[in-house]
Structure formats: structure tokens, C-alpha cells
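# I would like to see how this sequence folds:
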Amino acid sequence: MEDFDSEGAVADPSTAKAIITLRTEVDPALRRDVDAQRALIRKMIGDAGWHARTILDAMDSTPDFYFDEVARVDVPELSIGRVTLIGDAGYCGSP
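Numbering: from 1, shown residues only. Got it, this is the predicted structure:
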């Protein structure tokens, strides 16, 4: 029996994914600059120990490197007229 990932593709048990969350100031220069993104990750976790070196080595050769920003927008009011933000839209716990 085959296992499938969230997109319906056959999952390969010989592969692993690494998700790294970093807290840093917003830097517009990182947008679309994969070399700068990788340099930031190296700088931030290079001395972290454990599996950091393995992850950094694999980062250079992976065909599916992905980098994105997680942000939160604080609004002064959650309700204006007939529009109200509820749930995560109004009270998101991240970042």
C-alpha cells in the first residue's frame, strides 16, 4: 500500500523535509534572492549544533527550497460596519 502526501503524490519515506523558523527584522532585499535567503539561514543557525550542519548542507542541493515570511497585521478595530473579523482573522496567535 502506498502513502500519499497532502497533494496526492506518492510519499517517499527515504526523504525528509526541514522547516526552520527564524525571527528577524523584515528585509525586502530577501525577496526573490535565494542566495541571500540561504545566507541568512546559514548565519542564523550555522552554530546551532545538532542537525544544523546536515540541514545547511542539504539546503544547497535541494530542488525544492522554499523561503517565505510569516507576518501579522494588527488592526485598530475588529469590526467596522457590517464587517467583523472573527477567529484567526481577528485573533491570530502568530507571530
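# Please identify the helix or strand for residue 38.
Assigned by DSSP states H and E, residue 38 belongs to helix 34-45.
# Next, count neighbours for residue 39.
12 (other Cβ atoms under 10 Å). Where C-beta positions appear, they are placed from N, C-alpha and C, glycine not excepted.
# got a pLDDT number for it?
We have a pLDDT of 95 for residue 39.
# what's the answer for residue 2, then?
Model confidence at residue 2 (pLDDT) stands at 57.
# Pull the residues that contact stretch 52-61.
With contact meaning Cβ atoms under 8 Å, 6 or more residues apart in numbering, stretch 52-61 is reached by 18, 20, 38, 41-42, 45-46, 65.
# and which of these is nearest residue 83?
residue 20 (35.9 Å; Cβ to Cβ).
# Pull the contacting residues for residue 75.
Residue 75 touches residue 85, counting by Cβ under 8 Å, 6+ apart.
# Repeat the analysis, applying 10 Å as the threshold.
For residue 75, the contacting residues are 85, 89-90, by Cβ atoms under 10 Å, 6 or more residues apart in numbering.
# And the residue of the chain most remote from its centre, how far from residue 91?
Going by Cα atoms, centre = their mean, the residue of the chain most distant from its centre is residue 81, 34.6 Å out. Going from residue 81 to residue 91 by Cβ to Cβ, to the nearest Å gives 20 Å.
# okay, residue 14: pLDDT?
We have a pLDDT of 74 for residue 14.
# Same question for the one 3 residues further on.
Reported pLDDT at residue 17 in the predicted model: 80.
# Which helix or which strand is home to it?
For residue 17, there is no helix or strand it lies in under DSSP H and E.
# Report how many residues lie close to it.
Counted with other Cβ under 10 Å, residues neighbouring residue 17 total 8.
# ok so, going back, in helices only, show me the contacts of residue 75.
89-90 (DSSP state H).
# What segments of the chain are strands?
Per DSSP state E, the chain carries strands over the ranges 79-80, 83-84.
# between the ones you listed, which one is nearest to residue 51?
Between residue 51 and the strands of the chain, the shortest gap by Cβ to Cβ is with strand 83-84, which sits at 44.2 Å.
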